[in-house]
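Enquirer: give me a model of this one.
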Amino acid sequence: MPQMTDDGSGRIVVSGLTKTYGQLRAVDDLSFSVEPGSITGFLGPNGAGKSTSLRMVLGLSEPTKGTATINSVPYSHLNAPIKTVGAVLDTTFHPARSGRNHLRVYAAAAGIDDKRADEVLDLVGLTKAARRKAGGYSLGMRQRLGLATALLGDPKVLVLDEPANGLDPEGIQWLRRFLRHLASEGRTILISSHLLQEVEQTVDRVVIIAKGKLVRAGTIAELAGSLEKAALVRGPDLSALQAELRSSGYDVQAHGEGLRVLNAPIAEIGEVAFATRTVLHELREDTKDLEFMYFQLTEGQGDYSGTDQTDGTAAPDGSPTNPRHAASDQNPSSSQGGVA
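Expert: Presented below is the predicted three-dimensional model:
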């Protein structure tokens with residue numbers, strides 16, 4: 001087997017990744033990549049294997065088969081993990097520590113100048129709350145503190161699990177701009193989220209999984225192109241148009257007060273309407289947003305068996321669900337805000 005070398009590329013590559021817990025296959029031959037300078041959304045129903053996959057990418061759980069690499073090596077082989085990867089898998093912090101002290105403890109353990117703590121607090125908008133105890137932080141503030149922790153090492157790669165959870169609309173807008181800025185600097189960003197509308201406005205690509213398997217990966221435009229095309233038609237009397245389109249072999253369905261025509265070019269529908277003297281009030285492409293595509297691709301594939309391991313409980317293999325640098329008074333080198 002050739003020796004693996006940290007190439008500093010910032011690429012995340014998942015290849016044939018599989019994780020089984022007894023008879024349960026939580027992740028099943030999963031393959032995808034995340035490129036530098038881009039934001040990739042990692043989506044799937046509850047129990048799809050998202051958190052299990054992220055934990056394997058971050059070296060928190062060993063794959064049964066396959067590989068997950070960053071810079072062409074597993075996480076454990078990175079030359080400088082804290083300066084390569086920052087991650088937020090949960091937002092649990094020592095309640096008696098202030099936000100600044102949490103970051104300083106983590107920075108000291110990682111050999112980072114504690115001035116960086118104030119820098120990242122400013123980056124995420126927590127400077128005014130730096131002296132407050134983390135136990136009094138709102139969920140949105142804890143999300144920001146987790147992101148600050150992940151940024152301590154100024155990493156090339158960010159892995160974020162539900163980063164918008166608990167943020168108000170203004171905070172979500174800030175996060176979107178902030179992630180876009182980080183990506184513009186050439187960083188690799190992988191985020192999981194259930195906020196599909198927000199994902200659509202933030203990411204460059206999506207990876208959709210269900211029951212541990214890859215369902216689809218690509219840009220939103222590529223996903224839309226892979227699904228059936230349809231046109232929406234409205235008018236006072238569409239019976240002649242409907243009959244003519246059906247006689248031409250098109251699938252025409254009732255849709256609200258109009259029709260939905262599958263795989264028929266807009267121009268052809270217009271020509272048929274003219275030929276049949278059908279008055280149209282509306283003729284447009286049935287555009288597909290990410291939410292529509294997501295549910296069409298994952299319909300019936302939800303799994304509520306608790307496959308995903310997220311906050312606070314041990315995984316079926318006994319490994320911790322928090323990042324291995326989890327904060328505690330006994331281990332000041334760790335932070336539950338993120339892996340670095």
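
Enquirer: just how off-centre is stretch 183-198 within its chain?
Expert: 6 Å (C-alpha atoms, centre = their mean, to the nearest Å).

Enquirer: mean confidence for that stretch?
Expert: Taken as a whole, stretch 183-198 has an average pLDDT of 93.

Enquirer: kindly report the same for stretch 297-311.
Expert: Averaging pLDDT along stretch 297-311 yields 56.

Enquirer: swap in stretch 167-174?
Expert: Stretch 167-174 comes out at a mean pLDDT of 91.

Enquirer: just stretch 106-119 next, same as before
Expert: Taken as a whole, stretch 106-119 carries a mean pLDDT of 94.

Enquirer: ok, now stretch 243-254?
Expert: Regarding stretch 243-254, the rounded mean pLDDT is 95.

Enquirer: contacts for that stretch?
Expert: 242, 259-264, 269, 272, 275-276 (C-beta atoms under 8 Å, 6 or more residues apart in numbering). For glycine as for every other residue, the C-beta is placed from the backbone atoms N, C-alpha and C.

Enquirer: in helices only, show me those.
Expert: 242, 269, 272, 275 (DSSP state H).

Enquirer: surely Ile70 is in contact with Thr84?
Expert: Yes. Look at Ile70 against Thr84 with C-beta atoms under 8 Å: they come within range, at 6.5 Å.

Enquirer: any residues in contact with both of the two?
Expert: Residues within reach of Ile70 and of Thr84 at once, by C-beta under 8 Å, 6+ apart, are 78, 157.

Enquirer: which residues touch Ile70?
Expert: 10-12, 57, 78, 84-85, 157.

Enquirer: outline the domain layout of the chain.
Expert: Listed domain ranges for the chain are 12-223, 228-287 (source: automatic domain parsing).

Enquirer: format these as JSON lines; extra columns: distance to Met293.
Expert: Output for these, formatted as JSON lines (distance: least, C-beta to C-beta, whole Å):
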{"stretch": "domain 12-223", "distance to Met293": "5"}
{"stretch": "domain 228-287", "distance to Met293": "11"}
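
Enquirer: what's the closest of those to Glu299?
Expert: Minimum separation from Glu299 across those (C-beta to C-beta) falls at domain 12-223, 9.3 Å.

Enquirer: centre of the chain versus that closest one, how much separation?
Expert: 8 Å.

Enquirer: grab the nearest non-local neighbour of Gln242.
Expert: Nearest non-adjacent residue to Gln242, counting by C-beta to C-beta, 6 or more residues apart in numbering: Val252, 5.2 Å away.

Enquirer: how about the residue nearest the centre of the chain: what's its closest non-neighbour residue?
Expert: In the chain, the centroid-proximal residue (C-alpha atoms, centre = their mean) is Ser192; its distance is 2.5 Å. Nearest residue to Ser192, sequence neighbours excluded (C-beta to C-beta, 6+ apart): Phe42, at 4.3 Å.

Enquirer: can I assume that neighbour sits in a strand?
Expert: Yes. Under DSSP: H, G, I helix; E, B strand; the rest coil, Phe42 sits within a strand.

Enquirer: what's in contact with the helix or strand of the chain with the lowest mean pLDDT?
Expert: Least confident element among the helices and strands of the chain, by mean pLDDT, DSSP states H and E: helix 220-226 (a mean of 80). When contacts are defined by C-beta under 8 Å, 6+ apart, helix 220-226 is touched by residues 200, 203, 206, 208, 216, 218, 287-288, 290, 293, 297.

Enquirer: how about those residues, which pair is most distant?
Expert: Checking the contacts of helix 220-226 with C-beta to C-beta, the most distant pair is Ile208 and Thr287, at 18.6 Å.

Enquirer: who has more neighbours, those two?
Expert: Ile208 (23 against 9; other C-beta atoms under 10 Å).
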